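[1] Next come a sequence and a model predicted from it.
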Amino acid sequence: MQHSYLVIEGNIGAGKTSLVDLLVNKYQGRKVLEGFAENPFLPKFYEDPKRYAFAVEMFFLSERYHQLNNEVLQQSLFNQNTISDYFLSKSLIFARANLDSDEFDLFFKMYEIMMTQLPQPDLLVYLHREVDDLQKNIHKRGRAYEEGITNDYLYRIQESYFQFLKQQPLKMLLLDVSGVDFVKNPTQFEDICIIVDQPFEKGIKKVVL
């Protein structure tokens with residue numbers, strides 16, 4: 001694979017971690033997965049979003065920064081491919097959807113400080129699925145605290161991702177995998193590999209699988 005630092009992003013239930021696992025197995029890269037289960041505020045947030053939004057987003061921001069600093073910045077990206085199922089910008093995307101304006105302004109100041117210290121990915125892949133697909137995957141993995149995630153919330157996160165992608169000077173691939181099961185279908189996974197493993201220019205390239 002020609003991208004030394006590849007990031008797979010997407011909405012809740014898009015299949016980010018599953019795709020990273022497959023790519024790492026194929027290309028023998030170094031895997032960086034987000035430790036989402038370690039956020040003590042996440043179950044509380046899904047029960048009372050307004051009360052716990054700032055706490056959950058600040059915790060994620062801090063944990064993501066420290067993990068990326070230790071596993072990406074402090075290790076050479078040239079020794080082997082690094083493939084991650086998130087990037088620090090994920091914090092900004094979710095914060096924009098979940099925080100009020102005053103909270104977001106404070107959050108953004110912390111985010112900017114941290115962001116300037118991390119390397120940028122060679123390619124950011126956004127996995128897009130329709131909301132019905134996302135809900136099927138969410139229910140399939142059976143995390144109790146995710147059972148109350150609404151379609152409206154998933155649409156808000158999706159729009160926040162789209163807004164972010166339009167503003168970034170990165171090499172980005174918007175890969176529409178709606179209705180696709182690349183875990184069970186090796187041919188679909190190989191098609192993704194062919195698409196991802198090519199040169200990209202800055203900006204968004206959209207591909208429907």
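    Right, received. Where do you want to start?
[2] Against Gln135, how distant is the residue nearest to Phe189 when sequence neighbours are not counted?
    Nearest non-adjacent residue to Phe189, counting by C-beta to C-beta, 6 or more residues apart in numbering: Phe182, 4.3 Å away. For every residue, glycine as well, the C-beta is placed using N, CA and C. Between Phe182 and Gln135 the computed distance is 18 Å (C-beta to C-beta, to the nearest Å).
[3] still on that earlier bit, just say helix, strand or coil for the residue nearest to Phe189.
    The three-state assignment at Phe182 reads coil, by DSSP: H, G, I helix; E, B strand; the rest coil.
[4] is it true that Met172 lies in a helix?
    No - going by three-state DSSP, the assignment for Met172 is strand, not a helix.
[5] who's it bridged to?
    Leu124, Ile204 (DSSP bridges).
[6] could you list every residue that touches it?
    Residues near Met172 by C-beta atoms under 8 Å, 6 or more residues apart in numbering: Leu123, Leu124, Val125, Tyr126, Leu165, Phe200, Gly203, Ile204, Lys205.
[7] cool, Leu88 as well?
    Leu61, Arg64, Tyr65, Leu68, Tyr111, Met114, Met115, Leu118.
[8] try 6 Å
    Arg64, Met115, Leu118 (C-beta atoms under 6 Å, 6 or more residues apart in numbering).
[9] Would you convert the residues you listed into TSV that also reports neighbour count?
    Below are those laid out as TSV (neighbours: other C-beta atoms under 10 Å):
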residue	neighbour count
Arg64	21
Met115	17
Leu118	16
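[10] now the strands for this protein?
    Assigned by DSSP state E, the strands in the chain fall at 5-10, 30-32, 82-84, 123-128, 171-176, 203-208.
[11] Out of those strands, the one nearest Tyr155 is which?
    Among these, the nearest to Tyr155 by C-beta to C-beta is strand 123-128 (12.5 Å).
[12] And the longest helix seen in the chain, what's buried?
    Longest helix of the chain, by residue count under DSSP state H: helix 49-68. Within helix 49-68, the residues that count as buried by 16 or more other C-beta atoms under 10 Å are 52-54, 56-61, 63-65, 67-68.
[13] Which one of those is nearest to Asp105?
    Closest to Asp105, out of all of the buried residues of helix 49-68 and judged by C-beta to C-beta, is Phe54, at 11.5 Å.
[14] can you pull the contacts of the closest one?
    Contacts of Phe54 by C-beta under 6 Å, 6+ apart are Glu103.
[15] So for it, what's the pLDDT?
    The model reports Phe54 with a pLDDT of 98.
[16] any idea how far the nearest residue to Asp122 once chain neighbours are set aside is from Val183?
    With C-beta to C-beta, 6+ apart as the criterion, Asp122 has its nearest non-adjacent residue at 4.2 Å, and that residue is His3. For His3, the distance to Val183 (C-beta to C-beta) stands at 21 Å.
[17] Compare these two (neighbour count), which wins?
    Applying other C-beta atoms under 10 Å to His3 and Val183 shows that His3 carries more neighbours, namely 23 against 13.
[18] Can you pull the phi and psi angles for the more buried one?
    The phi/psi pair for His3 (degrees, to the nearest 10) reads phi -90, psi 120.
[19] Thanks a lot, catch you later.
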